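A.B. asks: structure for this input, please:
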Amino acid sequence: MTTPWEIPKEMWAGETVAILGAGPDMTPELAEGARAYKCIAVNRAVKFAPNADMFVALDPRHPFYADPGDFKGMRICGVECELDALYAGMFYETVQIAQGHTIQIRNNALAAIRIASLAGAAKILLLGFDPERYEEIHAHTGFYGLVQGLEQIIAELRGKGIQIERIDSHSTAKKRRGK
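C.D. replies: Down below sits the predicted model:
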């Protein structure tokens, strides 16, 4: 059964936290490079980082929960349920799409960023993030707002003095591949 959990504000105080996203640019090499930091694996990225400190999948039907392999870190689920995981809340983000058009979205990657910031991270590295591709894949479901949501949470946290760096995201991957 999920255990209610309040994120300790000093858990990763002053630390760099790498968040491994589930974008198509996520690779074993990126995950290996993140081992030097506190690490949160999101969704399928956990297969690249069984040594991560934390796994975030808000949906309790994620295949990882049935077969966690060698993963020994913290498991964060977005609903109270029968899983052996921690429940820290729903993690909805308010996203302004356009003037007068605001929506609420819930996303594993945004939740991981929020958790890292609430745990006191001084710097957050985003690896394997591709919100544009995610929205393209999920367009038929009516899901949108991740691109703006990511931009807004990055701006908010930078305004609080937290450094955010996107590594190997959609925008930088094309440049690197072109070399």
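A.B. asks: and the strands in the chain, which stretches?
C.D. replies: Secondary structure of the chain (DSSP state E): strands at 3-4, 16-20, 38-42, 54-56, 74-77, 86-87, 92-98, 101-106, 123-127, 163-167.
A.B. asks: for the nearest residue to residue 23 once chain neighbours are set aside, give its distance to residue 167.
C.D. replies: Nearest residue to residue 23 in three dimensions, chain neighbours excluded: residue 130, at 3.1 Å (Cβ to Cβ, 6 or more residues apart in numbering). Using the backbone N, CA and C atoms, a C-beta is placed for each residue, glycine as well. Distance of residue 130 to residue 167, computed by Cβ to Cβ, to the nearest Å: 12 Å.
A.B. asks: just want to know which of the two has more residues nearby.
C.D. replies: Comparing residue 130 with residue 167 by other Cβ atoms under 10 Å, the one with more neighbours is residue 130, at 24 against 16.
A.B. asks: that older thread, unless I'm mixing things up, the residue nearest to residue 23 is touching residue 25, no?
C.D. replies: Yes: counting by Cβ atoms under 8 Å, residue 130 does reach residue 25; the two are 6.1 Å apart.
A.B. asks: looking at the protein, which helix is longest?
C.D. replies: Counting residues, the longest helix found in the chain (DSSP state H) is helix 146-159.
A.B. asks: so which elements touch that one?
C.D. replies: Packing contacts for helix 146-159, counted by 3 or more Cβ pairs under 8 Å, 6 or more residues apart in numbering; DSSP states H and E, involve strand 92-98, helix 108-118, helix 131-137, strand 163-167.
A.B. asks: pretty sure residue 17 sits against residue 125.
C.D. replies: Yes: using Cβ under 8 Å, residue 17 is in contact with residue 125, at 7.2 Å.
A.B. asks: overlap in contacts of these two?
C.D. replies: Counting by Cβ atoms under 8 Å, 6 or more residues apart in numbering, the contacts common to residue 17 and residue 125 are residue 37.
A.B. asks: quick one: contacts for the closest residue to residue 107 other than its chain neighbours?
C.D. replies: Distances taken as Cβ to Cβ, 6+ apart place residue 146 nearest to residue 107, at 5.8 Å, with adjacent residues excluded. Shown in contact with residue 146 (Cβ under 8 Å, 6+ apart): 105, 107, 109, 110, 131, 134, 135.
A.B. asks: near the residue nearest to residue 126 when sequence neighbours are not counted, how many other residues are there?
C.D. replies: Spatial nearest neighbour of residue 126, excluding adjacent residues (Cβ to Cβ, 6+ apart): residue 166 at 4.6 Å. Neighbourhood size, residue 166 [other Cβ under 10 Å]: 19.
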